[in-house]
Structures are given as C-alpha cells and as structure tokens.
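Undergrad: For reference, the sequence and a predicted model appear below.
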Amino acid sequence: MYAALWRLLPGPWWVRLLILLVVAATVLYGLFFYVFPWVSPYVSPGEVDLS
Amino acid sequence: MLSVAPTRRSRRVRSRSRATFGSVLGELLLTAGVVVLLFVAWQVWIGDIIIDAQKNAEGAATIREWAEAPAPDPPPLVEDANGRAQYAMPILPHPADAERFAIMRIPRFGDDYAKDIAGGTSRARTLDHIGIGLYTDSKMPGEVGNFSLAGHRTTWGKPFNKLDKLRVNDAIVVETPAGWYTYRFRTLEYVKPTQVDVLADVPQMPAQQTGERYITLTACSPLYSLAERIVAYGVFEGFQPRSEGPPASLAKVDVAPPSAEGAP
C-alpha cells in the first residue's frame, strides 16, 4: 500500500519525501485539531462536576 | 561484473511486487496502531498544550477588548459593616447555559492564565469547549454566598490542573467588564462526587448563613480519575472597578516556587 503510494508519486525521491511530509503534517493537524477533540468525549465519558 | 546486473534487476523486480491482501491489511493495522498512540499522546499531553494555549489566547483577547472599551463609571462608595468605604459592587445576572460572562485569572497558575467562565457545568456545552463552568445554583462574583465553579483537572486544556498547587492567600481573580473581584485561597478538601454540600452558601453547612462571600473551585481527583473531587475554597477580598486599573492581586507570582522541603 505505502510502497504503491511511493511509486505513484512523481519526481525524484526528495520531492516524494517532501510531498509525504506535507501530507503527514496535514493529517496530524486534522487529527489533533478536529478528529481527536471530536472522539475524546466518547473515549472518556463521565461528568467532572459535583451532582 | 556480469553477474551483478541480474541480481540487481531481480531485487528491483521483487520490490515492485504487487501488494497482497495481507500486506495491505498489515499496513492498515499498523497505521491504526499509530493513530491510537497519537490519540493517547494528544489526550494526556499534546492536546492540553494546544487547547490550553487556545483558551488562554481567547481569554487574553477578551481582556484586551474590555481594556480598550471605555471603562464604566465606578460604582458608588458605601460604608461596610466595619465603617470602611467599599464600592457597591455590580452583581452580574446569572448567565445562561454556555454563556461566557467572566475571565478567571490565577497568578499562581501563570502570568498568562486567562480562562473563560461560562454558565453550566456540563462537559458537552461548557467544560470541554469553553473552560470553567458556573454551577446552576451558584451565587455570582461578589455576591454574599458561594460563587462555585467546576473545571477539568486533566484534558481539555486542564484549567484546574494545579488546584493542589495553590498556597494560602493566593489570589483568585474574576475579571468582568466592570472590574476585578479578588478572592483569596484558603484551603483544599477532597470529597466524593455526590457531596454537593461543598457548593452551599456556606460550604459544607447548607443550613447556615454567615453573610460572607466565598469561592469554591471543584475538579476531578485523583489525576485522570473521576473517583473523587478536589475542592479549593477561597474568601472574598474586594472589588476593584475597571476605572482604577488592574488590582495588586494580579501581580505576578513565582509560578514554580521552591519546594517546601528544607524550608524552616
């Protein structure tokens, strides 16, 4: 899968690496700022106040 | 030399072999494992750094907005029971659920600590996304009785993470457009999550009225657990209208004081 992705990318190895780094950074940003905050309440439910 | 070329070619051919079902599944599982590890890192570490900074920035922006607006006229001075001149404090109306009404500033938690306070203590509407929540039956800042707030001890920017680091007389300052309400930290207590008497007008004494003004901050305890609650109590010191500028209670304190060990 990842080997196929590597072959699909254009350019010399360092261009492919650059593209993958940008993609990885974008994926990380999406996870940290959108996906994980959305998932978190399902993973650790429970209220934290007194009642 | 002749014998090298075929070897090289064959290696290249092998590396370009088609992905099998098993190899794709394996790579997907490895990816999922990495994402789960990233989630754990986010939940207990990276997320707090991000969200804490975001919320402090939001609070700082609100503070700037209030500072730039023309200061409202200070309230009239009245004599208190001890014959001392005090400002007749403006008492804010109780906010709606998830309605922001003040900024919490605790110099012990850092010079840049500025967290929004909003109505309600549900995680979904207030504590996760805004920060600090006001209990439904709470009094308002400066009002006689108990101004009681809840916040996260861990995760979601953990606004009350360092409640146990407060020291006696540390300032707990509530900033509103009208000015600053300063409370002073007194003591900690650890209770069960059902022990709502800590939110009473006189904490732990629901039948009593003392005419005093208290603040109660609650969060989870122990860290990363919902088993108990840590409760920090403070008493009211005074109100400073915006026209007089920030109060002395906001002065910077040593965020990481030397450990008490070895102290006299």
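TA: Here it is on my side, so go on.
Undergrad: What count of nearby residues applies to the closest residue to residue B:211 other than its chain neighbours?
TA: Excluding the flanking residues, the one nearest residue B:211 by C-beta to C-beta, 6 or more residues apart in numbering or on different chains is residue B:144, at 5.7 Å. From N, CA and C alone the C-beta is placed, and that goes for glycine too. Burial of residue B:144 is recorded as 14 neighbouring residues (other C-beta atoms under 10 Å in any protein chain shown).
Undergrad: what's downstream of the lowest-mean-pLDDT helix or strand in chain A, the next helix or strand?
TA: When the helices and strands of chain A are scored by mean pLDDT, DSSP states H and E, helix A:2-8 comes last with a mean of 91. Using DSSP states H and E, the next helix or strand after helix A:2-8 towards the C-terminus is helix A:13-30.
Undergrad: just to confirm, which helix or strand has the residue of chain A found nearest chain B in it?
TA: Nearest residue of chain A to chain B: residue A:49, at 3.7 Å (C-beta to the nearest C-beta). Secondary structure assigned from DSSP H and E places residue A:49 in neither a helix nor a strand.
Undergrad: Run through the strands of chain B in chain order.
TA: With DSSP state E, the ranges of strands along chain B come out as B:77-79, B:85-87, B:100-105, B:115-119, B:132-134, B:145-150, B:171-176, B:179-191, B:213-221, B:228-241.
Undergrad: Same list (those strands) but as TSV, adding mean pLDDT.
TA: What follows is those, written out as TSV (pLDDT from 0 to 100):
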stretch	mean pLDDT
strand B:77-79	86
strand B:85-87	84
strand B:100-105	98
strand B:115-119	98
strand B:132-134	98
strand B:145-150	98
strand B:171-176	98
strand B:179-191	97
strand B:213-221	97
strand B:228-241	96
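Undergrad: Kindly report the residues of chain A close to chain B.
TA: A:1-4, A:7, A:28, A:31-33, A:36-37, A:39-41, A:43-44, A:46-51 (C-beta under 8 Å from any C-beta of the partner chain).
Undergrad: Chain A contacts on the stretch 1-150 of chain B?
TA: B:15-16, B:19, B:23-24, B:27-28, B:35, B:38-39, B:42-43, B:46-47, B:50-51, B:121-124, B:127-128, B:133, B:135, B:150.
Undergrad: Check those residues for burial and list the buried ones.
TA: Applying 16 or more other C-beta atoms under 10 Å in any protein chain shown to the residues of the stretch 1-150 of chain B next to chain A, the neighbour count classes B:38-39, B:42-43, B:46-47, B:50-51, B:121-123, B:127-128, B:133, B:135, B:150 as buried.
Undergrad: Mind checking which of the residues you listed are in helices?
TA: When those are checked against helices (DSSP state H), the matches are B:38, B:39, B:47, B:50, B:51.
Undergrad: Most widely separated two among those residues?
TA: For those, the maximum inter-member distance is 15.7 Å, found between B:38 and B:51 (C-beta to C-beta).
Undergrad: buried stuff in stretch B:151-165?
TA: Applying 16+ other C-beta under 10 Å to stretch B:151-165 flags B:151-163 as buried.
Undergrad: hmm, back to that, the residue nearest to residue B:211 contacts residue B:236, correct?
TA: No. The criterion here is C-beta atoms under 8 Å, and residue B:144 misses it with residue B:236 at 9.0 Å.
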